[in-house]
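*Asks:* Provided below for reference: sequence and predicted model.
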Amino acid sequence: MPTSFEHFENGAPPTSLTSKSIRRLRSFSSEDAKKKLGINSDAAAMRPNPIHVFWAFVAPLAGTKIVFQLLTANLYGAHRDEFYYLESGHHLAWGFVDNPPLVPLLYRVSETIFGHSILSLAFIPALLGGIFIILGALIAADLGGGRRAQVVTSLVAWLGPIFLTTSHFLSTTSLDLVFWSLASWLVIRMVRSGDTRLWLAVGAVCGVGLLNKDTMAFWAVAAGVGLLCTPQRKLLGSWWLAAGVAIALIIVSPNVAWEASHHWATLEFLRNLHANNSSADLVKFAPLQLAIVTLAGTVVCVVALRALKGRAEWRSQRWLAFGFVAAFVVLFALEGKAYYLGSWYLPLVAVGAVGVERYWSQRSGRLLAVAIVATGLLTAPIFTPILPTNVAVVAGFDTLNSDLGGMMGWPHVVNQIAAVVHALPSSESRSVVIFTNDYSEAGAVDFYGPALDLPSAISGHNTFWFWGYGHPAPGAVVVAVGLSSFFVHHYWSSVTQVATLGVSGPPIDPQERGVTIWVCRDQRTSWATLWPHAKHYG
């Protein structure tokens, strides 16, 4: 007669064991396995229904974020880049000097649907603020996270400085956060399921992401390095990857064609940007990583990196840690801006939140959530409009964070320009040319100017230069904003300094304070001769 253990090895329970003993044995084995994996029993217990978690916790957090962004949309005003993006939307093309076409297109759509106002510009970024939260929670749930993991991820996506700023005004970084996170989520699912057909979706996300910002290529490089450093490199041998790459190239090809037909303008722009800003960006790159997802959120990222490195159950997703290191090294070596790496953080936060749920006590997890809220609220006035502008200026937040300062005082800037124009004799004001040094000044004039009876502005800055100088009347008087003294005296015989921006009135963008307004008459040369010398990319 076979022994009980022989029965057990053949798949049958030992004859000497009762059904109650079997249940105890199974229970012991399960708990023993949990201990070996380092998983808390509470975290391994039956999780709440994911639909309930979404509607009870994630959706309300996303909803309050959207409402908050809309309520604060008019507190300061539009960001200086928004004027330029909107003007680019009025000149739709497959590319622009400093960015691909997607964001200008969305500005055009937003204005068409919601109208011409500051509030209308806020709808899409506010919705993205909700999407950050939902996407982060979905990634956490897909990694096995329950309620606590999803809430921690959602709190970081609500209050993290990079998520606050990018959901207040739409920029290429706003969408970069979405596309990097979405692509990482697809790879996470591919690693878990082994379904390499997901490379098609990854390719589509990367292609659209490249129509938003060229930095999507950094995600592709970092993800590829991450996979190569792990056994998941086998996923790179699939023909579906080649098909995904083809999809991405097809999607981005119109932008490449635009670059080729415009003398690769973006490369010249990037060279100038690197030359002007690289040293300052390099010094700030590492320290700013500590604040991108709140100080307490950084702890969640550390938990993620430690879990990915040392926990056996995270071995398959270890590519996320290697990819993070690769992105850090590449961006640091290329002297990129600190927030470029921020697009990698949301999946990393999700991993860390699941780790906190599994390995930390409930009390410690609650304290961490409180710390995320506390540190997020503490730094929020630096990254999004909350305080009155005068208070923010006194505190120095407008110079500490140039994006916050860039939202201040643009109606006043345009009013000052309008005052100069309307002070001219009517014979001159009817044909006046407003010529600005940068795209923000020109874009603000085009945004607020029609209500003040101002003509469209021209500028040699970035894509404004491609749009040209229009059809100025012979001998037209030029109101020059921010152009150098050398430039205006070189091209006009009669030059008068008539105003300086920001001397009085409400606070304005720090970059505009002290900018000179000139009235220029008696042009020495034609616009066709002058215009090539007006071009400046950066």
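*Replies:* Looks like it came in fine. Residues are numbered from 1 along each chain as shown.

*Asks:* Find the centremost residue of the protein, please.
*Replies:* Nearest to the geometric centre of the chain sits residue 173, at 2.5 Å (CA atoms, centre = their mean).

*Asks:* hey, where'd the helices end up in the stretch 251-400 of the chain?
*Replies:* Secondary structure of the stretch 251-400 of the chain (DSSP state H, counting those that start in this stretch): helices located at 265-288, 295-310, 319-333, 345-359, 362-383, 389-395, 397-400.

*Asks:* Need the winner for burial among these.
*Replies:* Scoring the helices of the stretch 251-400 of the chain by mean neighbour count under mean count of other CB atoms under 10 Å gives helix 345-359 as the most buried, with a mean of 28. All C-beta spots, glycine's among them, are computed from the backbone N, C-alpha and C.

*Asks:* relative orientation of that helix and helix 319-333 in degrees?
*Replies:* 140 degrees (axes from the mean of the first three to the mean of the last three CA atoms, to 10 degrees).

*Asks:* which residues of the protein score low on pLDDT?
*Replies:* 1-48, 278-281 (pLDDT under 70).

*Asks:* repeat that with 80
*Replies:* 1-50, 276-282 (pLDDT under 80).

*Asks:* Could you list the domains of it?
*Replies:* Under the assignment automatic domain parsing, the domains of the chain span 4-37, 44-389, 410-534.

*Asks:* hey, where'd the strands end up in this protein?
*Replies:* 433-436, 457-459, 478-481, 492-500, 516-523 (DSSP state E).

*Asks:* what separates the shortest one from the chain centre, distance-wise?
*Replies:* Going back to what we said before, that points to strand 457-459. Taking CA atoms, centre = their mean, to the nearest Å, one finds strand 457-459 lying 28 Å from the centre of the chain it belongs to.

*Asks:* which other residues reach that strand?
*Replies:* By CB atoms under 8 Å, 6 or more residues apart in numbering, the residues outside strand 457-459 that reach it are 433-439, 441-443, 445-446, 449, 464-465, 467-470, 481, 534.

*Asks:* which of those are buried?
*Replies:* Buried residues within those, defined by neighbour count using 16 or more other CB atoms under 10 Å: 433-439, 441-443, 445-446, 449, 464-465, 467, 469, 481, 534.

*Asks:* So which of the domains of the chain is the most surrounded?
*Replies:* Per stretch, and counting mean count of other CB under 10 Å, the top mean among those goes to domain 44-389, which has a mean of 20.

*Asks:* Tell me the gap between stretch 398-415 and the middle of its chain.
*Replies:* Worked out by CA atoms, centre = their mean, stretch 398-415 lies 20 Å from the chain centre.

*Asks:* er, stretch 314-326 I mean
*Replies:* 22 Å.

*Asks:* before we move on, what about stretch 193-201?
*Replies:* 26 Å.

*Asks:* Ok, stretch 386-401 next?
*Replies:* Per CA atoms, centre = their mean, the centroid offset for stretch 386-401 relative to its chain is 22 Å.

*Asks:* Contacts for that stretch next, please.
*Replies:* By CB under 8 Å, 6+ apart, stretch 386-401 touches 72, 75-76, 165, 380-383, 385, 404-405, 408-409, 506-507, 509-510.

*Asks:* I'd like the domains of the chain as CSV, with distance to residue 399 appended.
*Replies:* Shown next, in CSV, are those (distance: least, CB to CB, whole Å):
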stretch, distance to residue 399
domain 4-37, 49
domain 44-389, 11
domain 410-534, 5
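
*Asks:* returning to that earlier point: among the helices of the stretch 251-400 of the chain, which is nearest residue 241?
*Replies:* helix 319-333 (14.2 Å; CB to CB).

*Asks:* Quick one: list the elements packing against the closest one.
*Replies:* The contact analysis (3 or more CB pairs under 8 Å, 6 or more residues apart in numbering; DSSP states H and E) places helix 319-333 against helix 172-193, helix 216-228, helix 265-288, helix 295-310, helix 345-359.

*Asks:* if you set the cut-off to 6 Å instead, what comes out?
*Replies:* helix 216-228, helix 295-310 (3 or more CB pairs under 6 Å, 6 or more residues apart in numbering; DSSP states H and E).

*Asks:* Any idea which of the ones you listed gets closest to residue 529?
*Replies:* Ranked by CB to CB, the member of the helices and strands packed on helix 319-333 that lies closest to residue 529 is helix 216-228, at 38.7 Å.

*Asks:* got the angle between that closest one and helix 319-333?
*Replies:* Going by the same axes, to 10 degrees, helix 216-228 makes 130 degrees with helix 319-333.

*Asks:* Just the CA trace of helix 216-228, in CSV.
*Replies:* C-alpha atoms of helix 216-228 as CSV (Å, rounded to 0.1, in the frame of the first residue of the first chain):
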residue,chain,number,x,y,z
MET,A,216,9.7,61.2,-25.7
ALA,A,217,12.8,59.7,-27.3
PHE,A,218,14.5,59.8,-23.9
TRP,A,219,11.8,57.5,-22.5
ALA,A,220,12.3,55.1,-25.4
VAL,A,221,16.1,55.0,-24.8
ALA,A,222,15.7,54.6,-21.0
ALA,A,223,13.0,51.9,-21.3
GLY,A,224,15.2,50.0,-23.8
VAL,A,225,18.2,50.2,-21.5
GLY,A,226,16.1,49.1,-18.6
LEU,A,227,14.8,46.0,-20.4
LEU,A,228,18.2,45.1,-21.7
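
*Asks:* So what touches it?
*Replies:* Contact partners of helix 216-228, identified using CB atoms under 6 Å, 6 or more residues apart in numbering, comprise 179-180, 183, 206, 209-210, 233, 236, 319, 322-323, 326-327.

*Asks:* Switch these over to JSON lines; also include distance to residue 271.
*Replies:* Shown next, in JSON lines, are the contacts of helix 216-228 (distance: CB to CB, whole Å):
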{"residue": "179", "distance to residue 271": "25"}
{"residue": "180", "distance to residue 271": "25"}
{"residue": "183", "distance to residue 271": "28"}
{"residue": "206", "distance to residue 271": "24"}
{"residue": "209", "distance to residue 271": "23"}
{"residue": "210", "distance to residue 271": "20"}
{"residue": "233", "distance to residue 271": "34"}
{"residue": "236", "distance to residue 271": "32"}
{"residue": "319", "distance to residue 271": "32"}
{"residue": "322", "distance to residue 271": "30"}
{"residue": "323", "distance to residue 271": "27"}
{"residue": "326", "distance to residue 271": "24"}
{"residue": "327", "distance to residue 271": "22"}
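
*Asks:* ok, residue 184 touching residue 347?
*Replies:* Yes - using CB atoms under 6 Å, residue 184 is in contact with residue 347, at 4.2 Å.

*Asks:* Enumerate every residue touching residue 169.
*Replies:* By CB under 6 Å, 6+ apart, the residues touching residue 169 are 79, 82, 125.

*Asks:* Return the subset of the residues you listed lying in helices.
*Replies:* Per DSSP state H, helices hold the following members of these: 82, 125.

*Asks:* I'd like the contacts of residue 169 as CSV, with distance to residue 498 appended.
*Replies:* Below are the contacts of residue 169 laid out as CSV (distance: CB to CB, whole Å):
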residue, distance to residue 498
79, 27
82, 28
125, 37
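
*Asks:* could I get the helices of the stretch 251-400 of the chain as JSON lines with distance to residue 498?
*Replies:* Below are those laid out as JSON lines (distance: least, CB to CB, whole Å):
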{"stretch": "helix 265-288", "distance to residue 498": "29"}
{"stretch": "helix 295-310", "distance to residue 498": "47"}
{"stretch": "helix 319-333", "distance to residue 498": "44"}
{"stretch": "helix 345-359", "distance to residue 498": "48"}
{"stretch": "helix 362-383", "distance to residue 498": "35"}
{"stretch": "helix 389-395", "distance to residue 498": "25"}
{"stretch": "helix 397-400", "distance to residue 498": "26"}
